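>>> Got a sequence here, can you build the structure:
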Amino acid sequence: YIEESALLAEARRIKPIEDIMQLFEAARAQETWAMEIMHRTSLYIGITINNIVCLYNPDTVIISGDLVENYGEILELIQEQCRTVIWEQFRDSLKVIASELAGQAIVMGAGALALQLDKQP
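Residues are numbered from 1 along each chain as shown. A predicted model of the protein is given here:
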């Protein structure tokens, strides 16, 4: 989970910005400070995905949320970081993709979890 307020706090140490969309716009405009924040964010997400892969060995990791929906470029950055940080024996079999459910992902996941818990004795 990447908290937008953490990204904003980091950005505001460098430049006064109003909201997360200004950070995305600055990154798209190739402003170095914003690109560095997005690079570091994608690195931390890549490391987190590596930890998940080492624990559970999934073949696919699906990411979602406002960051992916509003700054789609982050997916490519995350995939690039994963090629570097994912443990080598898992690297070739892992796919990192964006959710097709968009804003519905959390609600759908909660519903699916509730159904699974309801079926347990």
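>>> in the chain, which spans are strands?
In the chain, the strands defined using DSSP state E lie at 60-63, 95-98.
>>> Spit out the contact partners of residue 79.
Residues near residue 79 by CB atoms under 8 Å, 6 or more residues apart in numbering: residue 96. No exception for glycine: its C-beta is placed from N, CA and C like everyone else's.
>>> Would you quantify the distance from it to residue 29?
Here the distance between residue 79 and residue 29 works out to 22 Å (CB to CB, to the nearest Å).
>>> where in this protein is pLDDT low?
By pLDDT under 70, the weakly predicted segments of the chain are 120-121.
>>> what comes into contact with the lengthiest helix in it?
Longest helix in the chain by number of residues, with DSSP state H as the criterion: helix 32-56. Contact partners of helix 32-56, identified using CB under 8 Å, 6+ apart, comprise 2, 7, 10-11, 14-15, 23-24, 26-27, 58, 61, 63, 67, 71, 73-74, 77-78, 80-82, 84-87, 90, 94, 96.
>>> Show me those residues that map onto helices.
Per DSSP H, those map to helices at 7, 10-11, 23-24, 26-27, 67, 73-74, 77-78, 80-82, 84-85, 90.
>>> which stretch among the strands of the chain comes nearest residue 106?
Closest of the strands of the chain to residue 106 is strand 60-63, at 12.2 Å (criterion: CB to CB).
>>> ok, that closest one: who's next to it in the sheet?
According to DSSP bridges, strand 60-63 has the following sheet partners: strand 95-98 (parallel).
>>> Return the set of buried residues in the strand it pairs with.
Neighbour counts using 16 or more other CB atoms under 10 Å place 96, 98 of strand 95-98 among the buried residues.
>>> again, but for stretch 37-46
Residues of stretch 37-46 classed as buried by neighbour count (16+ other CB under 10 Å): 37-38, 41-43, 45-46.
>>> could you dump the residues you listed to JSON lines with distance to residue 111?
Below are these laid out as JSON lines (distance: CB to CB, whole Å):
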{"residue": "37", "distance to residue 111": "34"}
{"residue": "38", "distance to residue 111": "32"}
{"residue": "41", "distance to residue 111": "29"}
{"residue": "42", "distance to residue 111": "29"}
{"residue": "43", "distance to residue 111": "32"}
{"residue": "45", "distance to residue 111": "25"}
{"residue": "46", "distance to residue 111": "29"}
